[in-house]
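Peer 1: got a sequence here, can you model it:
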Amino acid sequence: MATSTSNLLSLWMIFNLGILVVLLSGCGPSMPQEPVPLRVGERTFAMRLACDPASRERGLGGVRQLPTDEGMIFAFPQRSVRAFWMKDCFIDLDIVFVDDRNRVVDLGHMKAQPPRGATESQAAYEIRLQAGAARSRNPARFVLEFAAGTIDAIGLSIGDRVDFDAETLKSVAK
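Peer 2: All right, here's what the predicted structure looks like:
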């Protein structure tokens, strides 16, 4: 009888633990569904997301074409001066650094870098990439990447506002 009661108690605890896990999984912030809309003036862009270390490291690496109405938002858990390089990226990009209030704090252009050469060490490749990195002069919470020429085409300047759901991205950034 004691074994039977013990088994029932164990099953009851496992069942309740399972229900608790299911309930708690719905409590935290959820990742927005991609693509996330971003508006700059009259233009709307469909933005891919990079909200965790792995997706931020991958970025647009491997992408060979980026439509003019698309891009990527990199969301970070805190503001900081940022540096971005072009690892495994085959296309030129425009880069926009944005603060917590959706204001542009810096912007630039990044040229595609040749892939790592057969005789180039990993360290030499990374040094070459870092030499061509785009760096913000001011702390940014978000970084936006667009097809080359977008900044000029939309007339984006430091101090301009970009509209996207920053609060949700802040809550899911890891």
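Peer 1: which elements pack onto the helix or strand encompassing residue 97?
Peer 2: Here residue 97 sits within strand 93-98, counting by DSSP states H and E. Packing partners of strand 93-98 (3 or more C-beta pairs under 8 Å, 6 or more residues apart in numbering; DSSP states H and E): strand 104-110, strand 140-147, helix 150-154. Any C-beta I mention is one placed from the backbone N, CA and C, and that applies to glycine too.
Peer 1: mean pLDDT and mean neighbour count added to those, as CSV?
Peer 2: Shown next, in CSV, are those (pLDDT from 0 to 100; neighbours: other C-beta atoms under 10 Å):
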stretch, mean pLDDT, mean neighbour count
strand 104-110, 96, 19
strand 140-147, 97, 24
helix 150-154, 95, 16
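Peer 1: circling back to that earlier point, relative to strand 104-110, how tilted is the strand holding residue 97?
Peer 2: With axes from the mean of the first three to the mean of the last three C-alpha atoms, to 10 degrees defining the directions, strand 93-98 sits at 170 degrees from strand 104-110.
Peer 1: OK, contacts around residue 39?
Peer 2: Neighbour list for residue 39: 45, 162, 163, 164 [criterion: C-beta atoms under 8 Å, 6 or more residues apart in numbering].
Peer 1: rewinding a little: could you dump the helices and strands packed on strand 93-98 to CSV with distance to residue 65?
Peer 2: As requested, the helices and strands packed on strand 93-98 are arranged in CSV below (distance: least, C-beta to C-beta, whole Å):
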stretch, distance to residue 65
strand 104-110, 16
strand 140-147, 9
helix 150-154, 14
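Peer 1: residues in contact with residue 135?
Peer 2: So residue 135 contacts 81, 82, 83, 84 (C-beta under 8 Å, 6+ apart).
Peer 1: distance-wise, check the closest residue to the last one other than its chain neighbours relative to residue 114.
Peer 2: Spatial nearest neighbour of residue 84, chain neighbours left out: residue 134 (5.0 Å); criterion: C-beta to C-beta, 6 or more residues apart in numbering. For residue 134, the distance to residue 114 under the criterion C-beta to C-beta, to the nearest Å works out to 17 Å.
Peer 1: the more surrounded of the two?
Peer 2: Comparing residue 134 with residue 114 by other C-beta atoms under 10 Å, the one with more neighbours is residue 134, at 22 against 10.
Peer 1: roughly how far does the nearest residue to residue 122 once chain neighbours are set aside sit from residue 88?
Peer 2: What sits nearest to residue 122 in space, not counting adjacent residues and going by C-beta to C-beta, 6+ apart, is residue 116, at 7.1 Å. Applying C-beta to C-beta, the value for residue 116 to residue 88 is 9 Å.
Peer 1: sweet, I'm off.
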